[in-house]
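# Please find the sequence and the predicted model below.
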Amino acid sequence: MVLPVLFGANVDPIWADPQSPLRLTRQVELAGLDLVTIQDHPYEPAFYDAWTLISHLASATQRVTFVPTVANLPLRPPAMLAKSAATLDVLTGGRVQLGLGAGALWDAIAAMGGPRRSAKEAVTALEEAIEVIRLMWSGERAVRFEGTHYHISGADPGPSPSPGLGIWLGAYGPRMLALAAAKTDGWLPSYNFLGLDRLGDAVARFDDAAREAGRDPAGLRKVYNLNGLIGPESTDPFRGSVSQWVEQIVSVVRDYGMNGFVYWPDADHARQIARFAAEVVPAVRAELGPVG
């Protein structure tokens, strides 16, 4: 199974202009893009709470899908995170995916009362959390899990989400890539942290791990977050002209099998998103044909 290529834009959860996230989200939807991503950094004073904001934005839209990038697991217990995502899935008719991460910025997390974890502990906790979330979505009665970091003892799940609600993992290291490929529904790397020079190796690790787990890599969502600007010709990836953007995205689809792209403009967000939606995305879809 080959998944269609999705396109979206990031909307910063900044509250200085209270209605800015809603304006941008409506722009994304009206432009025909598929996804809106929202950063989840609860310790950032300039940011709204991501889940509250997503709920507000979802109620004001009809078609676009929302993805936290990525839900801050150390500050959001997985059983409650599972319930939050399932609730939004039901209320929005399936317009949410659970972007999930192991955590970072541990000083800030600890300042809000969260745990401080080593890299190894963070991955172990994430693996346990995925198990907890799956159990909470299972529809079974009195689910139980006993792990090092997380425990549930006879919890009754509900509501039951749609089959389309998935977990998309922000992952870079070998252990995280293997976990994403074997246990989740998608992968959310970012160009800023995984450039084109390293993307091929990471995709190969991901695909190999998926096959080892008995899964078809082509059936998993692979969304590349693209920080950049659309403008004059440039030698830097994702900082050039429309034609350069089109060529680079088409190449990433064909060469590496990525099947989703979310634009994170470095500046001038409304105009940049408009150009991405009106000029880049249609040209990419035309070039890719049925896959796009």
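Happy to help now that I have it.

# Would you double-check that Gly8 falls in a strand?
Yes: Gly8 forms part of a strand when assessed by DSSP: H, G, I helix; E, B strand; the rest coil.

# residues contacting it?
Contact analysis of Gly8 by CB atoms under 8 Å, 6 or more residues apart in numbering lists 28, 33-37, 64-65, 67, 223, 260-263. (Glycine included, C-beta is placed from N, CA and C.)

# what sits opposite it in the beta ladder?
Here Gly8 sits in beta bridges with Leu35, Val262, going by DSSP bridges.

# Can you give me the distance of it to His149?
According to CB to CB, to the nearest Å, Gly8 stands 31 Å off from His149.

# Also Ser20?
Ser20 is 36 Å from His149, by CB to CB.

# okay, now the residue found closest to Ser190 once you drop the neighbours it is linked to in the chain: neighbour count?
Using CB to CB, 6 or more residues apart in numbering and skipping residues adjacent in sequence, the residue nearest Ser190 is Asn225, 3.9 Å away. Applying other CB atoms under 10 Å, we find 21 residues neighbouring Asn225.

# helix, strand or coil for Ala180?
For Ala180, the assignment made with three-state DSSP gives helix.

# Can you give me the neighbour number for it?
The number of residues packed near Ala180 is 29, by other CB under 10 Å.

# hang on, it packs against Pro189?
No: counting by CB atoms under 8 Å, Ala180 does not reach Pro189; the two are 9.4 Å apart.

# what do those two both touch?
Ala171.

# what are the ranges of the strands in this structure?
Using DSSP state E, the strands of the chain run over residues 6-10, 35-38, 65-68, 71-72, 98-101, 143-146, 151-155, 167-169, 186-187, 221-228, 260-265.

# Out of those, which is closest to Phe193?
Closest approach to Phe193 among those (CB to CB): strand 221-228, 8.8 Å.

# Does that closest one pack against any helices or strands, and if so which?
Where contact means 3 or more CB pairs under 8 Å, 6 or more residues apart in numbering; DSSP states H and E, strand 221-228 is packed against strand 6-10, strand 186-187, helix 196-212, helix 242-256, strand 260-265.

# what sits up against it?
Contacts for strand 221-228 (CB under 8 Å, 6+ apart): 3, 6, 8, 10, 35, 37, 67, 69, 97, 166, 168, 185-192, 199, 203, 206, 236-239, 245, 249, 252, 257-266.

# Quick one: buried ones out of those?
Taking 16 or more other CB atoms under 10 Å as the criterion, what is buried in the contacts of strand 221-228 is 6, 8, 10, 35, 37, 67, 69, 97, 166, 168, 185-191, 199, 203, 206, 237-239, 245, 249, 252, 257-265.

# shaky segments in the stretch 51-200 of the chain?
Along the stretch 51-200 of the chain, no part satisfies pLDDT under 70.

# Now do the helices in it.
Remark: helices assigned in the stretch 51-200 of the chain by DSSP state H, counting those that start in this stretch are 78-92, 106-111, 119-136, 174-183, 196-212.

# The longest one - contacts with which helices or strands?
What it means is helix 119-136. helix 78-92, strand 98-101, strand 143-146, strand 151-155, strand 167-169, helix 174-183.

# closest one to Glu131 among those?
Here strand 143-146 is closest among these (CB to CB), at 5.9 Å.

# Which neighbouring elements make contact with the closest one?
Under the contact definition 3+ CB pairs under 8 Å, 6+ apart, strand 143-146 sits against helix 119-136, strand 151-155.
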